[in-house]
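Engineer: Next comes the sequence, and after it the predicted model I'd like to discuss.
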Amino acid sequence: MNAFAVEKKIAGWHVLVAILALVVGTLFGPLQGLEHMGINLYPALQSVGLQSYYQGLTLHGVLNALVWTTFFITGFLTLIVAKSLNRGLAFPKLSWAAFSVMVVGLLMAAVPLLLNLASVLYTMYPPLQAPWYYYLGLTLVVVGSWMSGWSMLTTWWAWRKDNKGATTPFLAFASLITMVLWQICTLGIASEILVLILPWSLGLVGGIDAQLSRTLFWFTGHPLVYFWLLPAYISWYGMMPKQAGGKLFSEQLARLAFWLFLLLSTPIGLHHQFVDPGLSAGWKYVHAVLTFAVFFPSLLTAFNVIASLENGGRARGGKGLLMWIRNLPWNEPSFTAQTLAMIIFAFGGIGGMVNASYDVNLVVHNTAWIPGHFHLTVGSGVTLTFIGVLYWLVPHLTGKKLWGAKAAIAQAWVWFVGMIIFSNGLHRLGLLDAPRRTMLGVANDNYGAADWLFPRLQVGIGGMILFVSVLLFVVVMLKTVLNKQTETVEMPVAEPLHQETIPAWLNNWQPWLVGTVVLILVAYGPILIQLISQIQFFSPGFVVWK
Amino acid sequence: MIQVHQYEKWWIGLSIAVLAVISITVGVAGFMLGVQVPVPEALVNPNTVAQSGNFSNPGVRQLAPKKYEVYVRAEANPWKFRPDKIEIPVGSTVTFYVTSADVQHGFKLEGTNINVQVLPGQVSKMTATFNQPGTYDFVCTEYCGVGHQNMFGTLTVK
Ligand code: HEM
Ligand SMILES: [Cu+2]
Ligand SMILES: [Cu+2]
């Protein structure tokens, strides 16, 4: 029987839902871009049931940032944990159950979204109020993703019993850290929904505390970005060196980076709340400093990944200080998409420094700069990497040959160009005081200035270029699945450059988990105690989007 | 111990140094040079702010020569800042108190560092000095419903 047939099937179903979400979700992107440019198609779209820009924006945010990412990640990591440990899942039924729970949750959330009952944007800040089953649906998606993590963990425990004292292979190790990080950090949103939002949206309590809800949301909201990012890093560290014809420069530091992400991703959520009225300056600053600390493992990653690619470029005959770049496999869609993703992500990282900078954040908070930033990070660094992964993963799962390598390479370049134009426009608008999550075309009739016009055009045109890239992606995927030509594509697994022994402290969960919990208690304990001690059940629910 | 390549050691050292310098710089700006972020000011009941207290009669109040305070109430449906026209003389120092009577809003005043989240139940307080005559827009920066893009006001400095 085909090795890993079950795991492939599980991954395949996850990836299918993920791609559908990405494609449907990105349909709204160009509409939003055109609106920003002054072409408002929303009145015409009412006839097909889309009631407003903001309903579309909610669908765009939820489908892209939550559904596409979560389904892709759980499917992808399930497969690579099994393959990297070289054993089947201990409880494949648990993974199937996880998938079912996620799908049921997705459908429960989709109905009110499509009926314009839940146009609360993906941050769902109370006291905006959607129907209770919307929140329950999102909760089920999260619970399903936990179950998926449990399936990976139990598989690893079984492996460990048979391999006493062995070091966990890198791909499995990094995937497990990602899922454990997700377990821990989602406690924030889980408690926000279960304790505050559900009783309130069911009408059991009359009011909700907006400040406490926001704080619990961002407890999860920042580490969420590491849940998106770490699977991309897993590919950059653990697979791309192989695809580039080289080896992983330093496996030890790669592992250290993942431990540091576990440790530092959660106790920093206040950097989304620097300008919240109910939180003290001291704690905001503590979170700002910890946010700078979490840049460190990303800087480690930058060095390590570039050094690994250089190793590949030189192994392929590259010479000179930088000329090895030309020897990299730019004719490989998977490699090209992911490398372009890295380059865009680097710009996103630099902008992230600005956002994180406590008081400098005053300039950019909730301006168009912010969506400019995260389309570089999750919208490209992560998304274009996942697309690059799909260029080998879909052939791997289906046994079909990738259709149209040239089209796939063009897809990545078109994305790259479109995103630079689009995101630069949003960044500039932000610096000109344009707010985010706003119909900027309409707003500019009210306020703002003539100097908004050019960057508004950039957003519209960049958005259309990105749309072309999405269409290319869809064609490549469809044609691949329907391809009559078959090919056996293996999962790329990078070897370390030096056979390094992994010291015990880099292979032991205990100190890192203890550190993680302690740091969270220190960084969040006093804040939550203060907010809970002054909790106000005042705000009734509001529906202000009809 | 782990082995680290010489270049990578330099990179690590440089990374840590840069991050430390930025952390200290923003801290100094925030706590010593007076670039302020909002801090807890007061708790209010969003259901009654329109009926009683300072926010029921929002607007500009003079405290001393060149010293003013402005109470602003943000509302959705209809989407409005009350007041949405503010006038002050050149050289004034103005403290803004902003709250919401319903959902979350934002308050960003162009040309200043004022950019706050406005929450029901909380009062956002920020101060700025206006030395340049002109009109400055303040806009809502948080999604607050389908009229969000129409929510703005102007501050005139004469
Ligand atoms: C076809 C490519 C895309 C285009 C043209 C596009 C365009 C846009 C535009 C114009 C906005 C509104 C910005 C604002 O006014 O605040 C937006 C928001 C957003 N986009 Fe995209 N986008 C694209 C792809 C993506 C992808 C791939 C992701 C994530 C994986 C993503 C995640 C988001 C999120 C989270 C928001 C914020 C929604 C909110 O503020 O509630 N987008 N996008
Ligand atoms: Cu963050
Ligand atoms: Cu608003």
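Structural biologist: All right, it came through fine. Numbers count the residues shown, from 1 in each chain, chains lettered A, B, ... in the order given. Ligands and ions are numbered 1, 2, ... in the order given.
Engineer: Name the residue of chain B that lies nearest to ligand 1.
Structural biologist: B:Tyr143 (6.8 Å; Cβ to the nearest ligand atom). The C-beta positions use only the backbone N, C-alpha and C, and glycine is treated the same way.
Engineer: so what's that residue closest to, chain neighbours aside?
Structural biologist: A:Arg437 (4.4 Å; Cβ to Cβ, 6 or more residues apart in numbering or on different chains).
Engineer: residue contacts, the one you found?
Structural biologist: Listed by Cβ atoms under 8 Å, 6 or more residues apart in numbering or on different chains, the contact set of A:Arg437 reads A:Tyr54, A:Leu57, A:Leu121, A:Asn366, A:Pro371, B:Glu142, B:Tyr143, B:His148.
Engineer: Helices - which of those land there?
Structural biologist: Using DSSP state H, the members of the contacts of A:Arg437 that fall within helices are A:Tyr54, A:Leu57, A:Pro371.
Engineer: Now for the last one, how many residues are close by?
Structural biologist: Which is A:Pro371. 22 (other Cβ atoms under 10 Å in any protein chain shown).
Engineer: Tell me which helix or strand comes right after the helix or strand of chain B with the lowest mean pLDDT.
Structural biologist: Across the helices and strands of chain B, mean pLDDT, DSSP states H and E gives its lowest value to helix B:6-31, namely a mean of 84. The helix or strand immediately downstream of helix B:6-31 is strand B:59-64, counting by DSSP states H and E.
Engineer: just checking, what packs against that next one?
Structural biologist: strand B:67-75, strand B:85-88 (3 or more Cβ pairs under 8 Å, 6 or more residues apart in numbering or on different chains; DSSP states H and E).
Engineer: Please identify the deepest-packed of these.
Structural biologist: By mean neighbour count, with neighbours taken as mean count of other Cβ atoms under 10 Å in any protein chain shown, strand B:67-75 ranks first of the helices and strands packed on strand B:59-64 at a mean of 21.
Engineer: Wait, a helix at B:Val116?
Structural biologist: No. Read with DSSP: H, G, I helix; E, B strand; the rest coil, B:Val116 is strand and lies in no helix.
Engineer: Isn't it up against B:Phe107?
Structural biologist: Yes. Using Cβ atoms under 8 Å, B:Val116 makes contact with B:Phe107 at a distance of 5.2 Å.
Engineer: Tell me the residues that contact both of those two, please.
Structural biologist: B:Val98, B:Ser124.
Engineer: Tell me which helix or strand comes right after the helix or strand hosting A:Val294.
Structural biologist: If you go by DSSP H and E, A:Val294 is part of helix A:281-315. Moving toward the C-terminus from helix A:281-315, the next helix or strand (DSSP H and E) is helix A:333-356.
Engineer: Wondering if that next one reaches ligand 1 at all.
Structural biologist: No. Under the criterion of Cβ under 6 Å from any ligand atom, ligand 1 is not reached by helix A:333-356; the shortest gap measures 11.2 Å.
Engineer: Which secondary structure state does A:Arg160 sit in?
Structural biologist: Once three-state DSSP is applied, A:Arg160 turns out helix.
Engineer: how about it, what does it touch?
Structural biologist: With Cβ under 8 Å, 6+ apart, A:Arg160 has these contacts: A:Ala166, A:Thr168.
Engineer: Can you tell me the number of residues neighbouring A:Phe91?
Structural biologist: There are 16 residues near A:Phe91, going by other Cβ under 10 Å.
Engineer: That one against A:Met152, yeah?
Structural biologist: No. The pair A:Phe91 / A:Met152 is not scored as a contact, 10.2 Å apart, by Cβ under 8 Å.
Engineer: ok, the helix holding A:Val294 near chain B or not?
Structural biologist: Yes. For helix A:281-315, a contact with chain B is found by Cβ under 8 Å from any Cβ of the partner chain, at A:281, A:284-285, A:288-289, A:292-293, A:295-296, A:299-300, A:303-304, A:307.
Engineer: Kindly indicate which of these lies nearest A:Phe4.
Structural biologist: Proximity of those to A:Phe4 (Cβ to Cβ) peaks at A:Asn304, which lies at 28.4 Å.
Engineer: Okay, helices next: where are they in the stretch 151-300 of chain A?
Structural biologist: A:170-185, A:187-191, A:198-201, A:210-238, A:240-243, A:251-264, A:281-315 (DSSP state H, counting those that start in this stretch).
Engineer: got a list of contacts for the third one?
Structural biologist: Pointing back at helix A:198-201 there. Contacts of helix A:198-201 (Cβ under 8 Å, 6+ apart): A:Pro126, A:Gln129, A:Ala130, A:Pro131, A:Trp132, A:Tyr135, A:Leu136, A:Val205, A:Gly206, A:Gly207, A:Ile208, A:Gly541.
Engineer: Equivalent analysis for the second one, please.
Structural biologist: With Cβ under 8 Å, 6+ apart as the contact definition, helix A:187-191 has outside contacts at A:Thr139, A:Val142, A:Leu216, A:Phe217, A:Trp218, A:Phe219, A:Thr220, A:Gly221, A:Gly269.
Engineer: near chain B, which of those residues show up?
Structural biologist: Near chain B, by the rule Cβ under 8 Å from any Cβ, you find none of these.
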